[in-house]
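Trainee: sequence and predicted structure below; questions after.
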Amino acid sequence: MIQLKRIYEPVSPEDGFRVLVDRLWPRGVSKARAAVDFWARDVAPSTELRQWFHHEAANWDEFVLRYRQELAANPEAVSALREKCAGQVTTLLYGAKDEAHNQAVVLKEVLQSGNSAPGVA
């Protein structure tokens, strides 16, 4: 089971394996407080994509398409993360304020689908 959570929320035993999916370490969060088991920066959106998206909901559909293309171009990292998550409760952690429009939402779908990037030709 894969679940999503802002890194600023308190750590919980129900989180299981905690994976940070941001390229940059979140501001104001110490490594001890974050209790991250794995930092998957290789599957985070590129700096260019992250800056373009700027967490604007109006850019969401295009962001999803571009991010899935980036993931499809990096199947080894996606497969490695899927293997690390297999058979255990996993929480993908992200720093974005918008809980519906962030890379963790897309990455969860990709990891659960079994494909590198569903919907990408």
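Mentor: In hand now; what should we look at? These numbers were taken from a predicted model, which means no experiment stands behind them.

Trainee: only C-alpha atoms from now on, for both contacts and neighbour counts.
Mentor: OK.

Trainee: please, where are all the strands along the chain?
Mentor: Using DSSP state E, the strands of the chain run over residues 2-6, 17-20, 38-39, 90-94.

Trainee: how far out from the middle of the chain is the third one?
Mentor: Computed by C-alpha atoms, centre = their mean, to the nearest Å, the separation of strand 38-39 from the middle of its chain amounts to 11 Å.

Trainee: cool, and the last one?
Mentor: Distance of strand 90-94 from the chain centroid (C-alpha atoms, centre = their mean) equals 7 Å.

Trainee: just checking, what packs against the longest helix seen in the chain?
Mentor: The longest helix of the chain (DSSP state H) is helix 60-72. Where contact means 3 or more C-alpha pairs under 8 Å, 6 or more residues apart in numbering; DSSP states H and E, helix 60-72 is packed against helix 47-53, helix 103-113.

Trainee: winner for burial among the ones you listed?
Mentor: By mean neighbour count, with neighbours taken as mean count of other C-alpha atoms under 10 Å, helix 103-113 ranks first of these at a mean of 19.

Trainee: CSV for the helices and strands packed on helix 60-72, including mean pLDDT and distance to residue 91?
Mentor: Output for the helices and strands packed on helix 60-72, formatted as CSV (pLDDT from 0 to 100; distance: least, C-alpha to C-alpha, whole Å):
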stretch, mean pLDDT, distance to residue 91
helix 47-53, 93, 21
helix 103-113, 95, 9
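
Trainee: give me the below-cutoff pLDDT ranges for this protein.
Mentor: 115-121 (pLDDT under 70).

Trainee: quick one on the thing from earlier: list the buried residues for the longest helix of the chain?
Mentor: 60, 63, 64, 66, 67, 68, 69, 70, 71, 72 (16 or more other C-alpha atoms under 10 Å).

Trainee: what is the neighbour count of the closest residue to residue 42 other than its chain neighbours?
Mentor: Distances taken as C-alpha to C-alpha, 6 or more residues apart in numbering put residue 77 closest to residue 42, at 6.4 Å, once the chain neighbours are dropped. Counted with other C-alpha atoms under 10 Å, the neighbours of residue 77 add up to 17.

Trainee: cool, thanks, signing off.
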